[in-house]
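Participant: What would the 3D arrangement of this be:
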Amino acid sequence: MLGNKAGIGFIHTIVGGLLFGAIGFLVLSAMDNAKDRQRESMAAYAAQQLEAERLRRQYDAAQQSSLSQIHNSGITALTALESLPDLLSNADAHISRAEFEFRDGAFSPFWEEIEQAAVSLGRFSEALETIEQSQRTYSAAVQVYAGAPPPFSVSRASVMAARASDNATQRLSVLVREAQRNYQFASIFEQRKTNHILVAGFKNLGDAIYNMASRISAGIAQLDRSITDASSTLNTHLRQISYDNERYHRDFMSAFSDNAHREKRAVLALERLARRA
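Facilitator: Numbers count the residues shown, from 1 in each chain. Below you'll find the predicted structure:
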């Protein structure tokens, strides 16, 4: 009996030890699993933080890029606008000299002045295209930018002032037409009209002379539409931003006040040329 009891006690001891060990193992396993889950959770959180930081940097970079495009497009357009008065004045001067050469019967000098007038007017047209392209860049950047941007540096007042070119293109057309009625002048033109001209968009001198007025007129009309659209886009954008941006908007606008003065000087110069016609 005593042996049986001792054997049973021994078995109970072994079973108890095994149960205790199993329970301990399960507890330790559970603790290890909990630690693993905690590490995984911490790793996932760290990954989320890294992704959030990456997205924040990406967003900040996109905002800075948009702001730079807004600024640079305005400066590019303003520089092109400021070139218009000189280009138009040069064209007028060449046309006036061409009128003198025509009266003097100087065939080649006459067409040389006509060609130089066409070059100046062609560059006038190119400057209008530069302004229009800058406006498109500006409008695209405004759509991305979350803050309150300054208005585009060229307004409709500048577009209207650019119509001062109408007088020069009309003078050029009338003078060329008159010269073509003269056999000697017309003969020289036939020799020169296929000459290459250093103005983008025109195949040769003849193409530039015949199509300059319509090219500039179309450029001004397109620019007018683009700037009207830009103004509408800006107004819509400003209505969508929060009041918190208003102070920043005022500070930013003041930094661009010089642009308005530069535009005004260019407009006044074009208006003086128009009145002089």
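Participant: where in the stretch 151-277 of the chain is pLDDT low?
Facilitator: Scanning the stretch 151-277 of the chain for pLDDT under 70 picks out the ranges 198, 237-257, 277.
Participant: mind listing the helices for it?
Facilitator: In the stretch 151-277 of the chain, the helices defined using DSSP state H, counting those that start in this stretch lie at 156-161, 165-180, 183-192, 205-240, 246-255, 257-276.
Participant: go on, the stretch 1-150 of the chain?
Facilitator: Under DSSP H, counting those that start in this stretch, the stretch 1-150 of the chain gives helices at 2-104, 107-144.
Participant: show me what contacts the closest residue to residue 74 other than its chain neighbours?
Facilitator: Counting by Cβ to Cβ, 6 or more residues apart in numbering, residue 74 lies nearest to residue 153, which is 3.7 Å off, once chain neighbours are set aside. Backbone N, C-alpha and C define where each C-beta goes, glycine included. By Cβ atoms under 8 Å, 6 or more residues apart in numbering, the residues touching residue 153 are 74-75, 77-78, 81, 256, 259, 262-263.
Participant: quick one: residue 153 and residue 117, what's the gap?
Facilitator: With distances taken as Cβ to Cβ, to the nearest Å, residue 153 is found 28 Å from residue 117.
Participant: cool, residue 210 as well?
Facilitator: 14 Å.
Participant: Then residue 205?
Facilitator: Residue 205 is 11 Å from residue 117, by Cβ to Cβ.
Participant: out of these two, which sits in the busier spot?
Facilitator: residue 117 (28 against 21; other Cβ atoms under 10 Å).
Participant: so what's the more buried one closest to, chain neighbours aside?
Facilitator: Among residues not flanking residue 117 along the chain, residue 94 sits closest, at 3.8 Å (Cβ to Cβ, 6+ apart).
Participant: correct me, but that neighbour touches residue 111?
Facilitator: No - look at residue 94 against residue 111 with Cβ atoms under 8 Å: they stay out of range, at 11.2 Å.
Participant: returning to that earlier point: do you know how far the residue nearest to residue 117 is from residue 215?
Facilitator: According to Cβ to Cβ, residue 94 stands 18 Å off from residue 215.
Participant: same deal with residue 223?
Facilitator: Going from residue 223 to residue 215 by Cβ to Cβ gives 12 Å.
Participant: now do residue 264
Facilitator: The value you get for residue 264 to residue 215, if Cβ to Cβ is used, is 27 Å.
Participant: ok, the two, which is more surrounded?
Facilitator: Neighbour totals were compared for residue 264 and residue 215, and residue 215 leads with 22 against 13 (other Cβ under 10 Å).
Participant: The more buried one: what's its closest spatial neighbour, skipping adjacent residues?
Facilitator: Spatial nearest neighbour of residue 215, chain neighbours left out: residue 125 (5.2 Å); criterion: Cβ to Cβ, 6+ apart.
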